[in-house]
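Participant: model the structure of this input:
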Amino acid sequence: MLPLEELERAAVAAGCLTVRDEPMSRHTTFRIGGPADLFVTVCGEEGLELLLKETARLQIPLFLLGKGSNLLVSDSGVRGCVATLAGDFNEIGLRGETDVACGSAVSLAGLCNFAKKHQLTGLEFAWGIPASVGGAAYMNSGAYGGEMSAVIDRVQALLPDGSPVTLRGEELRYGYRHSVFMENGGVVTQVVCRLARGNRDAIALLMEDYYTRRKEKQPLNKPSAGSVFKRPQGHFAGALIEQCGLKGLREGGAVVSEKHAGFIVNMGGATCADVRRLIERIQEIVLRETGVSLECEVKLVGE
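Facilitator: The predicted model follows:
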């Protein structure tokens with residue numbers, strides 16, 4: 001039996017759902033990406049533990065997928081196994097007065113709405129970020145001066161060997177778009193956020209204000225992966241790109257947004273190759289014109 005077949009049988013026996021040659025374009029906000037050899041939907045921690053152990057034993061690459069934002073997947077697809085979390089990982093509930101325990105598959109929007117319903121403040125900045133809670137904890141997502149690290153009390157995860165850990169504080173090694181999970185390969189399973197009591201109407205107004213700003217400034221009506229580049233020290237990537245006159249710059253179906261130069265949008269039929277060429281052109285021109293080197297925030301996945 002081939003290793004991938006063996007993995008698929010073990011995953012099905014553990015209650016996971018499996019699909020062969022699943023187009024990743026169906027699972028990314030960019031709407032770009034070739035097929036994953038094996039796409040697995042994991043519904044519980046036992047299934048995830050098995051998947052981690054079996055992919056390691058069989059030497060099959062494993063990629064964990066959240067909501068598919070901040071990703072650029074190869075046109076050739078992803079070799080090995082792509083897994084996404086569902087089922088038990090969608091649970092959310094209160095812990096005491098102000099703590100919210102949230103499965104990693106819950107969307108940030110769902111977490112924000114839960115917090116608003118229970119009159120808890122601190123997460124308003126995250127309203128509108130198209131990510132799962134696990135993905136947001138993994139990369140320390142942030143906006144409008146707020147970051148997940150400011151509200152996360154502790155994170156439960158499974159390490160690559162399947163062993164569970166609970167990390168908090170400095171153990172999480174949070175920095176700008178960085179966490180310890182980028183170093184240890186851990187998979188976030190649950191996040192506990194420590195919030196504060198607030199007024200539901202005030203929370204709703206602030207969430208609406210942030211969303212209105214996003215809608216005015218960002219191309220939310222076009223497929224994209226969000227901000228393409230990390231914020232350079234002392235600069236804003238979008239401002240530098242606009243300063244160089246690159247709004248509307250095109251490679252195939254990929255275009256620098258006219259609304260926000262920090263975004264590349266899929267105008268229809270864009271390929272990963274189109275986006276990569278456009279990224280390289282932007283980096284080359286901005287470096288030449290401003291002396292600033294732009295580093296990708298978008299994660300490149302696949303061959």
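Participant: endpoints of stretch 223-240, how far apart?
Facilitator: Distance across stretch 223-240, first residue to last, is 22 Å (CA to CA, to the nearest Å).
Participant: name the residues that touch it?
Facilitator: Residues from elsewhere that reach stretch 223-240 (CB atoms under 8 Å, 6 or more residues apart in numbering): 28-32, 69-72, 130, 176-177, 241, 257, 260-266, 270, 279, 282, 286, 290, 292-298. C-beta here means a position set from N, CA and C on the backbone, and glycine is covered the same way.
Participant: do that again at 6 Å, thanks
Facilitator: With contacts defined as CB atoms under 6 Å, 6 or more residues apart in numbering, stretch 223-240 is touched by 30-31, 69-72, 260-266, 286, 290, 292, 294-295, 297-298.
Participant: quick one: mean pLDDT for it?
Facilitator: The average pLDDT within stretch 223-240 is 94.
Participant: what about it, distance to the chain center?
Facilitator: Offset of stretch 223-240 from its chain centre (CA atoms, centre = their mean, to the nearest Å): 16 Å.
Participant: can you list the domain ranges for this protein.
Facilitator: The chain breaks down by automatic domain parsing into domains covering 3-87, 91-202, 219-301.
Participant: tell me where the stretch 201-303 of the chain has strands.
Facilitator: 224-227, 250-251, 254-256, 263-266, 299-301 (DSSP state E, counting those that start in this stretch).
Participant: wait, V265 touches E258, no?
Facilitator: No: counting by CB atoms under 6 Å, V265 does not reach E258; the two are 9.0 Å apart.
Participant: before we move on, the earlier item: filter the contacts of stretch 223-240 to the buried ones?
Facilitator: Neighbour-count burial (16 or more other CB atoms under 10 Å) applied to these gives 30-31, 69-72, 260-266, 286, 290, 292, 294, 297-298.
Participant: state the distance from L240 to S104.
Facilitator: Using CB to CB, to the nearest Å, L240 is found at 34 Å from S104.
Participant: now swap in G198 and tell me
Facilitator: 25 Å.
Participant: these two: who's more crowded?
Facilitator: Neighbours were counted for G198 and for S104 using other CB atoms under 10 Å; S104 has more, 25 against 18.
Participant: let me see the contact set for the spatially closest residue to that one that is not a sequence neighbour.
Facilitator: With sequence-adjacent residues excluded and distances taken as CB to CB, 6 or more residues apart in numbering, S104 is closest to G134, at 2.7 Å. G134 is in contact with 66, 104, 188, counting by CB under 6 Å, 6+ apart.
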